[in-house]
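Asker: structure of the sequence below:
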Amino acid sequence: MSAENSETEKLRGIVEAVLMTAGQPVSPGKLTSLCKGASGKDLRRVVDELNQLYAEGDHVMTITEVAGGFQFVTRKEFGPWVRKFHDRSQVRVSQAALETLAIIAFKQPVTRIEVDSIRGVDSGGVIHTLLELNMIRIVGRSEGVGRPMLFGTTREFMTHFGLKSLADLPRPKELEELLAEGERKAHAAEAQTLGEGAVDAAVEDETSEEELEDGAGDHDSEGDGASIDDGADDDVSDDAPSNDDSPEEPAPTAESEAEVGDGQAAPDDS
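Answerer: Got it, this is the predicted structure:
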């Protein structure tokens with residue numbers, strides 16, 4: 001056996017042993033750091049050789065590339081027996097959760113408000129469920145008002161759906177239309193909010209103008225009323241008899257004074 005073949009056999013054994021004992025996908029970079037002198041191209045060649053050996057020997061195991069790394073998996077036809085033995089049931093994801101998960105996967109990082117705008121309903125409960133299933137995670141906070149949390153998918157999401165990377169996500173026409181419709185709704189809602197602000201401002205300006213006009217009208221009415229009152233006073237003054245036309249009362253005479261004096265009781269001297 002040549003030295004080259006010996007090195008290849010050793011590299012193949014290292015990769016097989018690491019992947020066999022790893023509980024999650026192992027990235028090519030991690031394998032490269034373990035296998036000094038091996039390149040990424042060498043590692044992929046070794047993985048292909050191992051898979052060929054497994055296929056020729058009718059093994060139940062195979063190496064697949066998922067979530068940005070390599071992982072041992074059982075062949076699909078043996079899946080039901082493996083799950084039954086380990087008493088594991090597949091993760092059941094509702095239609096609403098799948099829809100929310102697809103939106104987050106395509107739009108990440110994305111806020112809950114953006115997801116709600118696209119779906120047209122509140123997604124708080126669904127997002128909480130996806131967090132518990134470790135399908136999504138909090139990746140940061142938005143710079144917008146209130147700094148809402150941003151959500152993105154996890155490696156568990158890619159492993160569960162057998163994706164090498166997010167680039168492998170399918171883009172069905174229906175989902176593209178859903179995302180486009182959601183964005184249109186979000187823009188329409190924003191425009192409506194701005195429009196309502198402009199209408200409110202216009203109403204306030206119009207109200208202010210009407211109040212000014214009403215105030216001016218009231219002032220004019222008060223002036224007109226004063227003129228009418230003045231006219232009424234003038235008419236009353238014209239119709240009332242003057243002091244010159246009224247008969248004078250005669251001045252009391254000495255005789256009347258004497259009559260009054262005679263009519264009064266005399267003082268009692270007793």
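Asker: all contacts plus neighbour counts: C-alpha atoms, from now on.
Answerer: Fine.
Asker: other residues contacting the helix or strand harbouring Phe70?
Answerer: Using DSSP states H and E, Phe70 sits within strand 69-74. With CA atoms under 8 Å, 6 or more residues apart in numbering as the contact definition, strand 69-74 has outside contacts at 19-20, 22, 24-28, 60-65, 164.
Asker: and the helices in the protein, which stretches?
Answerer: Taking DSSP state H as the test, the helices found in the chain are 3-21, 28-34, 40-56, 79-86, 95-107, 112-119, 124-132, 155-160, 173-239, 254-263.
Asker: so what secondary structure elements neighbour the third one?
Answerer: Under the contact definition 3 or more CA pairs under 8 Å, 6 or more residues apart in numbering; DSSP states H and E, helix 40-56 sits against helix 3-21, helix 28-34, strand 61-66.
Asker: please identify the buried residues of the first one?
Answerer: Right, helix 3-21. Judged by neighbour count (16 or more other CA atoms under 10 Å), helix 3-21 contains these buried residues: Thr8, Leu11, Arg12, Val15, Glu16, Leu19.
Asker: same question for stretch 155-167.
Answerer: Buried, per 16+ other CA under 10 Å, within stretch 155-167: Arg155, Glu156, Phe157, Met158, Thr159, Leu163, Lys164.
Asker: run through the residues that contact the first one.
Answerer: Residues near Arg155 by CA under 8 Å, 6+ apart: Ala67, Met135.
Asker: state the pLDDT value of it.
Answerer: Here the pLDDT value assigned to Arg155 is 84.
Asker: buried stuff in stretch 72-83?
Answerer: Phe72.
Asker: what of stretch 28-37?
Answerer: Buried residues in stretch 28-37, counted by 16+ other CA under 10 Å: Pro28, Leu31, Thr32.
Asker: so what's the closest residue to the second one other than its chain neighbours up against?
Answerer: Residue nearest to Leu31 in three dimensions, not counting chain neighbours: Val15, with 7.2 Å by CA to CA, 6 or more residues apart in numbering. Remark: with contacts taken as CA under 8 Å, 6+ apart, Val15 is in contact with Leu31, Leu43, Val46, Val47.
Asker: how about a cut-off of 10 Å?
Answerer: Contact analysis of Val15 by CA atoms under 10 Å, 6 or more residues apart in numbering lists Val26, Leu31, Thr32, Leu34, Cys35, Leu43, Val46, Val47, Leu50, Phe70.
Asker: repeat for Met149
Answerer: Met149 makes contact with Pro109, Val110, Thr111, Arg112, Ile113, Arg137, Ile138, Val139, Gly140, Arg141, Ser142, Glu143 under the criterion CA under 10 Å, 6+ apart.
Asker: repeat that with 8 Å
Answerer: Contacts of Met149 (CA under 8 Å, 6+ apart): Thr111, Arg112, Ile138, Val139, Gly140, Arg141, Ser142.
Asker: now do it against Ala22, distance only.
Answerer: 32 Å (CA to CA, to the nearest Å).
Asker: again, but for Pro109
Answerer: To Ala22, Pro109 is 29 Å away according to CA to CA.
Asker: which of the two has more neighbours?
Answerer: Using other CA atoms under 10 Å, the more surrounded residue of Pro109 and Ala22 is Pro109, with 18 against 12.
Asker: tell me how this structure divides into domains.
Answerer: Annotated domains of the chain cover 3-86, 95-185 [automatic domain parsing].
Asker: and the shortest one, average pLDDT?
Answerer: Just to be clear, that refers to domain 3-86. Here the average pLDDT along domain 3-86 is 84.
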